[in-house]
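Novice: got a sequence here, can you build the structure:
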Amino acid sequence: MPFAEPPASAAWEHRDARTGFEVLRTSRGQGVGWTLHGTTTAVENGTTWAVEYVIEVDDDWRTRRARVRHPLDGRPGEPAEVTLEKAADGRWLVDGRHVPGVDGCVDVDLESSAVTNALPVHRLGLAVDEAADAPAVYVRAADLSIGRLEQTYTRLPDTAAGRRCYAYAAPAFDFTARLVYDESGFVLDYPGLAVRRA
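Specialist: Numbering: from 1, shown residues only. Next up is the predicted model:
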């Protein structure tokens, strides 16, 4: 069963690994798809950061374009903004330059955001007990550097309240979690990282 349309707005509180907040606004894209516009701020290991993002996805929730920036102009020597774009031939362009190491990725995953875990679950449409790899272009919060993040999602049985659940794994971080989603496919509970507040 497909997810419902996303809400016009949502918010998450960072927890455990960092403290802070993320706020999201959604809108229908120009013609097709959705635009996700968010801001997230946090303190992590004594370091502060603020990240603003605009992610454009098509109707199947495949990322077409993402702009990620430090709204406070970044730190000296670090970029204040990065733009990711999926070219028609499937290559990824980062600030207009081809980055072969992330070719084959369909999603964007922002270290700063709980929102981007919605992209693969919408796109994959997994049945219970079905699993899929979902490598993503990973953008780090502090310096906006880019890398490839191998990750997998496995659909678990729904909660007693009917919420969808997925087992998430990111081997590079030796990290696994059980993620709980609302009816629109946005994370409600991301253990160790964020909890939905609105």
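Novice: low-confidence regions, the protein specifically.
Specialist: Regions of the chain meeting the criterion pLDDT under 70 cover residues 73-79.
Novice: how about the secondary structure of the spatially most central residue of the chain?
Specialist: Geometric centre of the chain, nearest residue: Thr116, 1.4 Å, by C-alpha atoms, centre = their mean. Here Thr116 is helix, with the state taken from DSSP: H, G, I helix; E, B strand; the rest coil.
Novice: correct me, but it touches Val57?
Specialist: No: Thr116 sits out of contact with Val57 when judged by C-beta atoms under 8 Å, with a separation of 10.2 Å. C-beta here means a position set from N, CA and C on the backbone, and glycine is covered the same way.
Novice: residue contacts, the residue nearest to the centre of the chain?
Specialist: Shown in contact with Thr116 (C-beta atoms under 8 Å, 6 or more residues apart in numbering): Ile55, Asp107, Val108, Asp109, Leu110, Ala136.
Novice: wouldn't the last one be in contact with Ile146 here?
Specialist: No: look at Ala136 against Ile146 with C-beta under 8 Å: they stay out of range, at 10.7 Å.
Novice: any common contacting residues for these two?
Specialist: By C-beta under 8 Å, 6+ apart, no residue touches both Ala136 and Ile146.
Novice: so these two - more neighbours on which side?
Specialist: Ala136 (23 against 19; other C-beta atoms under 10 Å).
Novice: can you tell me how far the more buried one sits from Glu56?
Specialist: Here Ala136 is placed at a distance of 15 Å from Glu56 (C-beta to C-beta, to the nearest Å).
Novice: Asp158 now?
Specialist: Applying C-beta to C-beta to Asp158 and Glu56 gives a distance of 30 Å.
Novice: and the two? Which one has more around it.
Specialist: Glu56 (19 against 13).
Novice: got the contact list for the more buried one?
Specialist: Per C-beta under 8 Å, 6+ apart, neighbours of Glu56: Gly29, Gly33, Trp34, Thr35, Leu36, Thr63, Arg64, Arg65, Ala66.
Novice: please repeat the previous calculation with a cut-off of 6 Å.
Specialist: Gly29, Thr35, Arg64, Arg65 (C-beta atoms under 6 Å, 6 or more residues apart in numbering).
Novice: now the host helix or strand of it: buried residues?
Specialist: Element membership of Glu56 [criterion: DSSP states H and E] is strand 47-57. By 16 or more other C-beta atoms under 10 Å, the buried positions in strand 47-57 come out as Trp49, Ala50, Val51, Glu52, Tyr53, Ile55, Glu56, Val57.
Novice: same list, those residues, but as a markdown table with distance to Asp89 please.
Specialist: Shown next, in a markdown table, are the buried residues of strand 47-57 (distance: C-beta to C-beta, whole Å):
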| residue | distance to Asp89 |
| --- | --- |
| Trp49 | 34 |
| Ala50 | 34 |
| Val51 | 29 |
| Glu52 | 29 |
| Tyr53 | 25 |
| Ile55 | 21 |
| Glu56 | 18 |
| Val57 | 19 |
